[in-house]
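> Sequence first, predicted coordinates after that:
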Amino acid sequence: MWQLLHSQSCHLLRQRLTAVKSNGHYFNLLKSKPSDAVKRYISKNCSEKQIKTLQISPWKLCTGISVGLGARLFIGDTVFCKAQTQSRIIQRRPNVLDDSGQFDWKRFFEYLKPHKWLLVAAVASAMAVAFLNIYIPAMLGVIVNILADMRHNPTADFIEQIKYPALKMITLYIGQAMFTFFYIHLLAQVGERVAAQMKQDLFVSILQQDMAFFDQERTGELVNRITVDVQDFKSSFKQTISGGLRAITQVVGSAVSLLVISPHLTGLTMLCVPTVVIGGTFIGSLLRKLSREAQAQIEKATLVAEEAIANMRTVRAFAGEENEANMFAEECETAAHLSMELGLGVGLFQAGTNLFLNGMVLATMFLGGHLMSTGQMSAGDVMAFLVNAQTIQRSVAQISLLFGSVIKGLSAGGRVFEYINKTPKMDTSGTKTIKYHEFHGDIEFKDVTFAYPTRPDAVVLNNFNLKIPAGKTVAIVGSSGNGKSTIAALLERFYDVDEGSVTIDGVDVRDMDGKWLRGRAIGLISQEPVLFATTVKENIRYGKPEATDQEVYRAAQTANAEDFIRNFPDGYDTMVGERGMSLSGGQKQRIAIARAVLKNPPIMILDEATSALDATSEKVVQTALETASKGRTVLVIAHRLSTVMSADIIVVLSKGQIVEMGNHEQLKKQKGHYWNLIKQQDQESNGRSL
Ligand SMILES: Nc1ncnc2c1ncn2[C@@H]1O[C@H](COP(=O)(O)OP(=O)(O)OP(=O)(O)O)[C@@H](O)[C@H]1O
């Protein structure tokens, strides 16, 4: 036991030590005083509260489980914001333990509302079982009294006396079995329906969030909420209603029975109830906090594994398997410790409760025996009292067991509701569309100033102005990180400009119906075409779900993809693998072009569409792009200048500002920025060929 206490306390200490890890150096509170560098690190990175936490003496932490657990529960989480050893994990959303994940009771009842009658039936059945469980001891008491009478009066007709109570008892047992079946079956229906609805709403809510939301959230974290958290919540809900409600009813009902049987004995029992309630509520709130931490840590471990598996090629290419395994092990270890702390807390609580209740049973027997000896109670009464008291004991033990599950369920539910209730910051109420025959495709960026929401201080475009005439191809070039892709993102309205406007045919994109803008008006082909793990045909059809097979084939022809698709044994029904893994870069890109062409958008954005390809594939894809772009307004974002020479207008961008503009010949003559970029790229490619 002491070892366990010691390991818990040491673990607390270790967590505090990791909090002060600076550039790979640990400041060991046990052994040394902090160096100046560490002091500087602490004062820069930790709040006053955290510094106080770090200054806790190790001996105080090691003075036993109450202090250890208490310290962990009260001050543990303040350390967590910096308590990371892997830079990848530090990037995690910082407010995972804040109040935004509070359980939304109102919303929860809204989910229950459509199934209220099923729920009422389930609850009624559970209550019926509880009442039968309360009534059965009384009947047992009657039977025991008959048996006891038989000893004193052996001539009485036993069968006659026992017949009705025994029949009643059988009926009670059958009733109990039936209602047990009903409440389990009905509850499963309510739980599954509510969970399915919550999952769907959560997914829809996530899909509607701004791009800024996805810039800071991690895929694994979001997937966890849809799967693990909803599942945990559902299990907890079912257990609470079935076990918890039944147990509470049994406690109340049995307590009433006890009162009827013997107020004296019951008085003794009731004396202890307030202590249980107050103690339970207090410890419950502490354990809930600990459970949230443990869950967050488990999720973190999952994220590490998920990221490594999703990027297996990169991991293998950098021989990073061991590193990933170590990182995962470290996160798992921390998660296991937190869960053990939770288990310890729940265990202590449950053990304490059981001990307390067993003590009560002993006291009851002692006092009951005394009342029997003075003739105030019969043997049947004492028997009924004991069975009732045991029902209470079992029920309370069950409640304390459910405790952990309720805590887990509430925090999982809180995390689900946090995202279900999250409203996107961007205003998506715009409804304007432009009729196809009125659509020209004149694009204008007017006095645009923009910084990404996740980095509001880094202004990417400052007072930026650009007109893209309808039907022309405008290429934006410039060195890396200058804001080229940002221009495309603003035209697609992935983000809203901070100042100024982006218009298409004079209509502000903020006033447009976003679905129409991205689904119909603009086709985007980016550097890394993302394909879904389905057939070639379905991937192309993603551009226009209602497209016929003939339309899909025509789009593939335009994208120069028909030949290679037909050469696959399964043709258009070939499965492309996860993210299109079983296709070459050039093939993936041409399928992406076909997908964009299928929706026949008047505007096309080609964002570094060929930059990930080798020279041969680039030529094939470039030809496909030229065919696909005919008759449309095209915005080309390019790093490689060889792909933009035929553009009508070439815009040279530097630090978010236009520094040169004209066609290839004009800019070449000017011998300015464009000329320098060409020379620079020539040198780079010569260097590469050498
Ligand atoms: N989602 C984002 N959140 C925050 N900052 C971003 C985001 N995307 C880009 N940035 C930053 O905005 C600036 C402009 O990026 P952008 O992608 O527009 O450059 P680019 O000219 O297209 O670069 P490249 O040629 O390398 O693709 C960069 O400093 C980049 O770090």
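Looks like it arrived, so ask away.
> Now do the same contact list for the most centrally placed residue in the chain.
Nearest to the mean C-alpha position of the chain, counting by Cα atoms, centre = their mean, stands residue 225 at 2.7 Å. Residue 225 makes contacts with 202, 415, 416, 419, as judged by Cβ atoms under 8 Å, 6 or more residues apart in numbering. To be clear about C-beta, it is placed using only N, CA and C from the backbone, and glycine gets the same treatment.
> Turn those residues into a markdown table, including neighbour count, pLDDT and secondary structure.
Below are the contacts of residue 225 laid out as a markdown table (neighbours: other Cβ atoms under 10 Å; pLDDT from 0 to 100; DSSP: H, G, I helix; E, B strand; the rest coil):
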| residue | neighbour count | pLDDT | secondary structure |
| --- | --- | --- | --- |
| 202 | 22 | 94 | helix |
| 415 | 28 | 89 | helix |
| 416 | 27 | 92 | helix |
| 419 | 22 | 90 | helix |
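> out of the residues you listed, which one sits closest to residue 657?
residue 419 (38.4 Å; Cβ to Cβ).
> dump the residue contacts of the closest one.
By Cβ under 8 Å, 6+ apart, the residues touching residue 419 are 202, 205, 206, 222, 225.
> This protein against the ligand: which residues are in contact?
Within the chain, the positions adjacent to the ligand are 215, 452, 454-455, 460, 480-486, 639 by Cβ under 6 Å from any ligand atom.
> Give me the buried subset of those.
452, 460, 482, 483, 484, 485, 486, 639 (16 or more other Cβ atoms under 10 Å).
> which one among the contacts of residue 225 gets closest to the ligand?
For those, the closest approach to the ligand (Cβ to the nearest ligand atom) belongs to residue 419, at 19.9 Å.
> how close does that closest one get to residue 228?
Using Cβ to Cβ, to the nearest Å, residue 419 is found at 13 Å from residue 228.
> Quick check: next helix or strand after the helix or strand encompassing residue 177?
Element membership for residue 177, per DSSP states H and E: helix 158-207. Following helix 158-207 in sequence order, the next helix or strand is helix 211-216 (DSSP H and E).
> Flag the shaky bits of the stretch 51-200 of the chain, pLDDT-wise.
51-101 (pLDDT under 70).
> residue boundaries of the helices in it?
58-61, 65-80, 87-90, 105-112, 116-152, 158-207 (DSSP state H, counting those that start in this stretch).
> Any chance of JSON lines for the ones you listed, columns distance to residue 570?
Output for the helices of the stretch 51-200 of the chain, formatted as JSON lines (distance: least, Cβ to Cβ, whole Å):
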{"stretch": "helix 58-61", "distance to residue 570": "64"}
{"stretch": "helix 65-80", "distance to residue 570": "51"}
{"stretch": "helix 87-90", "distance to residue 570": "39"}
{"stretch": "helix 105-112", "distance to residue 570": "43"}
{"stretch": "helix 116-152", "distance to residue 570": "46"}
{"stretch": "helix 158-207", "distance to residue 570": "31"}
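> Which positions in stretch 514-525 come out as buried?
Neighbour counts over stretch 514-525 (16+ other Cβ under 10 Å) mark 514, 517, 518, 520, 521, 522, 523, 524, 525 as buried.
> same for the longest helix seen in the chain, what does it pack against?
Assignment by DSSP state H gives helix 321-373 as the longest helix of the chain. With contacts taken as 3 or more Cβ pairs under 8 Å, 6 or more residues apart in numbering; DSSP states H and E, helix 321-373 sits against helix 2-19, helix 65-80, helix 87-90, helix 263-271, helix 273-310, helix 379-420.
> what's downstream of the longest one, the next helix or strand?
Think helix 379-420. strand 443-451.
> how much does the very next helix or strand once past that next one deviate in direction from strand 443-451?
Where DSSP H and E defines the elements, the next helix or strand beyond strand 443-451 is strand 459-468. Put simply, strand 459-468 runs at 180 degrees to strand 443-451, going by axes from the mean of the first three to the mean of the last three Cα atoms, to 10 degrees.
> so residue 509 touches residue 494, yeah?
No: the pair residue 509 and residue 494 fails to qualify as a contact (Cβ atoms under 8 Å) at a distance of 10.4 Å.
> neighbour count winner among these two?
Taking neighbours as other Cβ atoms under 10 Å, residue 509 and residue 494 compare with residue 509 leading, 23 against 18.
> What pLDDT is listed against the more buried one?
Looking at residue 509, its pLDDT stands at 94.
> Flag the shaky bits of the stretch 501-650 of the chain, pLDDT-wise.
Using pLDDT under 70, the flagged stretches of the stretch 501-650 of the chain are 612-613.
> For it, give the residue positioned nearest to the ligand.
residue 639 (5.0 Å).
> That residue reaches residue 476, doesn't it?
No: counting by Cβ under 8 Å, residue 639 does not reach residue 476; the two are 10.2 Å apart.
> which residues are common contacts for the two?
Common contact partners of residue 639 and residue 476 (Cβ under 8 Å, 6+ apart): residue 484.
> Tell me how far stretch 164-183 lies from the chain's centre.
44 Å (Cα atoms, centre = their mean, to the nearest Å).
> contacts for it?
With Cβ under 8 Å, 6+ apart, stretch 164-183 has contacts from 121-123, 125-126, 128-129, 132-133, 135-136, 139-140, 142-143, 146, 242, 246.
> now do 10 Å
With contacts defined as Cβ atoms under 10 Å, 6 or more residues apart in numbering, stretch 164-183 is touched by 121-133, 135-136, 138-143, 145-146, 159, 162, 241-242, 245-246.
> Report the contact partners of the residue of the chain most remote from its centre.
Here the centre of the chain is the reference, and by Cα atoms, centre = their mean the most remote residue is residue 155, at 72.7 Å. Listed by Cβ under 10 Å, 6+ apart, the contact set of residue 155 is empty.
> Just want the residue of the stretch 301-450 of the chain that's nearest the ligand.
For the stretch 301-450 of the chain, Cβ to the nearest ligand atom, closest residue to the ligand: residue 450, 9.2 Å.
> I'd like to know how many residues surround that residue.
Residues near residue 450, counting by other Cβ under 10 Å, number 24.
> begin at 16 from here
That works, and once the first residue is 16, the last one we named lands at residue 465.
> Could you report the distance from it to residue 651?
Using Cβ to Cβ, residue 465 is found at 20 Å from residue 651.
> do residue 180 as well
With the distance defined as Cβ to Cβ, residue 180 ends up 91 Å from residue 651.
> Settle it for me: which of those two has more neighbours?
When neighbours are counted by other Cβ under 10 Å, residue 180 and residue 651 differ, and residue 651 comes out ahead with 27 against 16.
> Give me the three-state assignment for the nearest residue to that one once chain neighbours are set aside.
Excluding the flanking residues, the one nearest residue 651 by Cβ to Cβ, 6 or more residues apart in numbering is residue 490, at 4.1 Å. Going by DSSP: H, G, I helix; E, B strand; the rest coil, the secondary structure assigned to residue 490 is strand.
> I am finished for the moment; much appreciated.
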